[in-house]
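Q: with the sequence up front, the predicted model follows.
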Amino acid sequence: MFTRPAPKSPRAQMKFLRTQEKGSTKTLAERLGVSRKTVERYLSGASKKPQKRLQAALVKETEAEWQPQVKAQARQRAATSAGLVISCRAYFGFGPEGTSDAGRVRDLSVAVSPSHADAILAAQQTGATDSKLHELVAEAIADAYFRQGGGGRAGLKVEFKDVEWLNISF
């Protein structure tokens, strides 16, 4: 989803934000709530350690501006055509004990459909709770892996719990 990490040092953040402001140190100073002289000191390297308020403003503004088109395009692609890949280690089960379908801890890596990806990403963007996101991920895994897209096992109820780790990538 990201092509490279955002700038971390105050000087690099100032340089990045100055380019966003088309080179204007005055506009950048107003945006950060500091003097123009302060911005110039960080750009020249004379100052290196910002106060907490300025540090928070630098982080906030850099994160807001850092490659928003790349993030939006990756989310759009996942929700419309590519889907997501979900890898996890968790307890899965749906059959009676003593069968191959009995519940057990499994390591899975599955590609889920764009419709499931859209639901998961939309819920995440709107601030859904962890339990709601957990339900959506569980349904996506169940549909992609156990139900195989609904073919013959559409009504199958899958248990998904005791998640040890979870990784979602686009």
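A: Yes, it's here. Numbers count the residues shown, from 1 in each chain.
Q: can you list the domains in this protein?
A: As given by automatic domain parsing, the domain ranges for the chain are 10-66, 72-169.
Q: averaging pLDDT over each of these, which comes out lowest?
A: Of all those, the minimum mean pLDDT falls on domain 72-169 (a mean of 82).
Q: pull up the distance across that one, start to finish.
A: Taking C-alpha to C-alpha, to the nearest Å, domain 72-169 runs 14 Å from one end to the other.
Q: any idea which of the domains of the chain gets closest to R4?
A: Between R4 and these, the shortest gap by C-beta to C-beta is with domain 10-66, which sits at 9.2 Å. The way it works is simple: take the backbone N, C-alpha and C, and place the C-beta from them, glycine included.
Q: how long is the closest one from one end to the other?
A: The first and final residues of domain 10-66 sit 15 Å from each other (C-alpha to C-alpha).
Q: run through who's touching the helix or strand containing K60.
A: Take DSSP states H and E as the rule and K60 turns out to sit in helix 52-65. When contacts are taken as C-beta atoms under 8 Å, 6 or more residues apart in numbering, the neighbours of helix 52-65 outside the stretch itself are 6-7, 10, 13-14, 16-17, 20, 31-34, 38, 50.
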